[in-house]
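Participant: Pasting the sequence and the predicted coordinates here, then a few questions.
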Amino acid sequence: MGASLTHLLPEVRFLAKSDDDVRILALARDRWIDYPRATQAFKLLDWMVKIPPRQRMPCVLLYGDSNIGKTKVIAKFERRHTPEYDEEKGVEHRKIVSMQMPPTPDQSRFYTSLLFELGAPFNAAAKLSVLEKLSREVLREISPRMLVVDEVHHLLAGSYREQRASLNLLKFLANDLQMTIVLVGTQDAEFALQTDSQMSSRFARFVMPRWQESEAFRGLLAAFERILPFAVGAVFTLARFSEAFLVLRAQHLGLPLFLVPVVLVAMNLVYSIAAYPFGKLADRYSHTKLLVWGLVVLIAADVVLAMGAHWSVALGGVLLWGLHMGMTQGLLATMVADTAPADLRGTAFGVFNLASGLALLIASALAGWLWDRFGAAFTFYGGAIFSGVTICLILTATFDRKR
């Protein structure tokens, strides 16, 4: 719904009107949201990559729990320092070389992984000395200032001897090529470094802690809210099932068969009469307020239809339903037009109508299940509850924007 989507960034608002498959794929896409600890990590890494070559280069261990964002920080840092191609020498210079520690700490596998990341041709069956020589030659050509080794906790998968050999390899590369080394891993990486006291003292520690409730955490959640296309409309559509249930309810309460067409005629008559004046109001007043009032009318219609004991009372609920349609249906179309980018407006209307149809199918199936399982009244009570939840979500989003 357009009025409740102003909390989203403009470039993602149209996604909230898309069908579920499109929105789910959008949610699965990688995205970056800055936060204070990441900013501190970037500041540290930027300082390290600028340090001129010297005998003992500074090194750091960046560690924290799984899924805390360590690899994302490194990937973002790499994107800030893109390779530069030297046309005169025909060599690509890279300030940062990033790789993963092999699953087991084997020196040959380490060098083959490194050469693979460098894009250098090599023979995987070559001797360790050959792979080491080739790796050093290629690194000297591309002149990196930093080597990043992710998943360094894999060191613990090897024996004590293999762990020491791998740590010595890292120390050798740092000294030989005079570049900084950044190790990235879980808490286990700290234990792996402690097997060599010299290496442990050489690497400064930078911890990526778990989030705790704080202003920074609330800021992160707010940033997510602005880019993730969740739609309040997903709840709203569950409140508005097929008008066929209005006919069924009236029949259930004793409406004569020959009067059945009157139900839909009456609803559509009120709908058509109300559509124009409320459309004019939508041009002058807040869409959010009009939408909330439309949902209040829908709740009233649901309650009347649920509690009615005679078909004439149910007809009153049908008239309220028509009034709700007149208040909100044109408003929804207006919100789509306001929300969608100009070059995607036609697509947005198509997606909106497709999503509305699918949502109506789901809502009607749920309404039918409630009718069969708990009785006719519960179908409309369920619609009233979903309408109430939608009002709460809209008002919450409006309040958050005003704070």
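Facilitator: Received it, and whenever you're ready, just let me know what you need.
Participant: Quick check: phi and psi at residue 100.
Facilitator: Torsion angles at residue 100 (phi, psi; degrees, to the nearest 10) stand at phi -110, psi 140.
Participant: Could you do residue 240 as well?
Facilitator: Torsion angles, degrees, to the nearest 10, at residue 240: phi -120, psi 90.
Participant: what does the one 5 residues further on give?
Facilitator: Comment: the main-chain dihedrals of residue 245 come out as phi -70, psi -20, following degrees, to the nearest 10.
Participant: which SSE is the nearest residue to it once chain neighbours are set aside in?
Facilitator: Sequence neighbours aside, residue 367 is the residue nearest to residue 245 in space, at 5.7 Å (criterion: Cβ to Cβ, 6 or more residues apart in numbering). Just so you know, the C-beta spots here come from the backbone N, C-alpha and C atoms, and that holds for glycine as well. In this assignment (DSSP states H and E), residue 367 forms part of helix 345-374.
Participant: and if you look at residue 388?
Facilitator: helix 376-402.
Participant: so for that helix, what's the average pLDDT?
Facilitator: Mean pLDDT, computed over helix 376-402, is 77.
Participant: Next: stretch 310-330.
Facilitator: Stretch 310-330 comes out with an average pLDDT of 87.
Participant: please renumber so the chain begins at 59
Facilitator: Sure, I'll start counting at 59 from here, so that last one is stretch 368-388.
Participant: hmm, who's touching that stretch?
Facilitator: Contact with stretch 368-388 is made by 301, 304, 307-309, 311-313, 320-321, 324-333, 336-337, 340, 348-349, 351-353, 355-356, 358-363, 365-366, 438, as judged by Cβ atoms under 8 Å, 6 or more residues apart in numbering.
Participant: buried ones in that stretch?
Facilitator: Residues 369, 372-373, 375-388 are the ones in stretch 368-388 that count as buried (16 or more other Cβ atoms under 10 Å).
Participant: gap between residue 348 and residue 297?
Facilitator: Distance, residue 348 to residue 297, using Cβ to Cβ, to the nearest Å: 16 Å.
Participant: The two: who's more crowded?
Facilitator: Each of residue 348 and residue 297 has its neighbours counted (other Cβ atoms under 10 Å); residue 297 has more, 23 against 19.
Participant: is it true that the more buried one touches residue 439?
Facilitator: No - in this structure, residue 297 is not within contact of residue 439 by Cβ atoms under 8 Å, at 11.2 Å.
Participant: Residues in contact with both of these two, list them for me.
Facilitator: Overlap of the contact sets of residue 297 and residue 439 (by Cβ under 8 Å, 6+ apart) consists of residue 360.
Participant: which residues sit in contact with residue 198?
Facilitator: Residue 198 makes contact with residue 235, according to Cβ under 8 Å, 6+ apart.
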